[in-house]
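K.L.:
Next comes the sequence, and after it the predicted model I'd like to discuss.
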Amino acid sequence: MGVLRRRGGQAGTPDASSGEAGGLPLRPAGARNLVMVVLDSLRYDSWTEAEPSTLASLGQLERRWSYASWTAPSHYNLLMGLLPHSSPAEVFASEYYKRDFARYSERLGIEGIEFRKFLPSIFLPTFLRHTLGYSTHAMVSMPVLNPHTAINRDFDSYRLMPRHNDMAAMVDELEFDDAHPSFYLLNVGETHYPYALPDEDPSRWPRISGVHGVFRHLDEDPDPEGGGAREFFDQVQLTELQGRQVRAVSYLDSVFARLFDRLPSNTWVIVTSDHGELFGEDRYFGHGPISHPKVLEVPFVEGLVP
Ligand SMILES: [Zn+2]
């Protein structure tokens, strides 16, 4: 496919007056591909314990905080363009948002991006597709993000993957072309409960229900004798579950090596999580209806593909 050239406009500056190709604006000169990888449910300290070397080559790991404690609202927030925040003190929210949106100039390699350019939709795929001429794609692992949900808006393609835990299958299907820069959202499930690698036999996955599971005595009368707290967690098994999440990060690091090999050099990559996960702290497990710092604490790294 030939490279389409826009008429007029300054290099690196979006120009809404440019001609269109295939119904889309032409790409601004120098525009980078953008790949946002969301490792579902991944805690910050599971990442640091795994010490993933390929991911370390992307940039400096930061500890950040998600705006939401579970998958759907968190992905909506990410697709607004607002990435997990750094929780700065003595800063007005509106100032922080403004600075975060301005970061897209560097991410996309396009000068002059600011919050008001995202208006009125305040939706990253809409902005990328209609203002900048990107092709926009999502591959998701979690059924709660399926293509019928409201966040499937202004994507050229949007797929719920056949398996919930196979990032490698996503890497195989990435496509880039010369005519338009691409945006990909990849929602990755290996780090989500049950923290299973794609080659693991589902019959060997851990179970969270039943008396031999992590959750115990859920179907029993709570403490009929009135003495002592009933046992809810098996902390040994919960520690093992976090070990499985750490192992998932180590495995995914090898998939990131394949991803980085496949991406064109002018691609900006963001890797983060949509929320954390509780492994027994203060008697919580998982994520969602939980108000606890660990459910918001997430890893964040970004940079040009190494
Ligand atoms: Zn999630």
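P.N.:
Yep, that arrived.
K.L.:
which parts of this structure sit against the ion?
P.N.:
Within reach of the ion by CB under 5 Å from the ion, the chain has these residues: 40, 71, 274. To be clear about C-beta, it is placed using only N, CA and C from the backbone, and glycine gets the same treatment.
K.L.:
which among the residues you listed gets closest to the ion?
P.N.:
The shortest approach to the ion among these belongs to T71, at 3.1 Å (CB to the ion).
K.L.:
which residues does R99 contact?
P.N.:
Contact criterion CB atoms under 8 Å, 6 or more residues apart in numbering gives no residues in contact with R99.
K.L.:
ditto for A72
P.N.:
Shown in contact with A72 (CB under 8 Å, 6+ apart): 144-145, 149, 151.
K.L.:
and the gap between it and A150?
P.N.:
To A150, A72 is 9 Å away according to CB to CB, to the nearest Å.
K.L.:
For R283, report the pLDDT, please.
P.N.:
Here, the pLDDT recorded for R283 equals 89.
K.L.:
Can you list the residue ranges for strands in this structure?
P.N.:
In the chain, the strands defined using DSSP state E lie at 20-21, 24-25, 33-39, 62-65, 135-140, 157-160, 182-188, 267-272, 278-279, 285-286, 297-304.
K.L.:
ok, of those strands, where does mean pLDDT dip lowest?
P.N.:
strand 20-21 (a mean of 46).
K.L.:
if we can go back for a sec, give me the buried subset of the contacts of A72.
P.N.:
Buried members of the contacts of A72, scored by 16 or more other CB atoms under 10 Å, are 145, 149, 151.
K.L.:
with those in mind, which one is nearest to M170?
P.N.:
Nearest to M170 among the buried ones among the contacts of A72 is L145, at 13.4 Å by CB to CB.
K.L.:
returning to what we had before: distance to E173 and neighbour count added to the residues of the chain next to the ion, as TSV?
P.N.:
Below are these laid out as TSV (distance: CB to CB, whole Å; neighbours: other CB atoms under 10 Å):
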residue	distance to E173	neighbour count
D40	18	25
T71	22	23
D274	21	28
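K.L.:
Now intersect these with the helices, please.
P.N.:
Judged by DSSP state H, the residues of the chain next to the ion include T71 as members of helices.
K.L.:
need the residues of the chain next to the ion in a markdown table with distance to G112 and pLDDT, can you?
P.N.:
What follows is the residues of the chain next to the ion, written out as a markdown table (distance: CB to CB, whole Å; pLDDT from 0 to 100):
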| residue | distance to G112 | pLDDT |
| --- | --- | --- |
| D40 | 33 | 98 |
| T71 | 33 | 97 |
| D274 | 29 | 98 |
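K.L.:
Closest one to P289 out of the residues of the chain next to the ion, please.
P.N.:
Closest approach to P289 among these (CB to CB): T71, at 12.8 Å.
K.L.:
What's the local residue count around the residue nearest to D40 when sequence neighbours are not counted?
P.N.:
The shortest distance from D40 to any non-neighbouring residue, by CB to CB, 6 or more residues apart in numbering, is to H192 (4.2 Å). Residues near H192, counting by other CB atoms under 10 Å, number 25.
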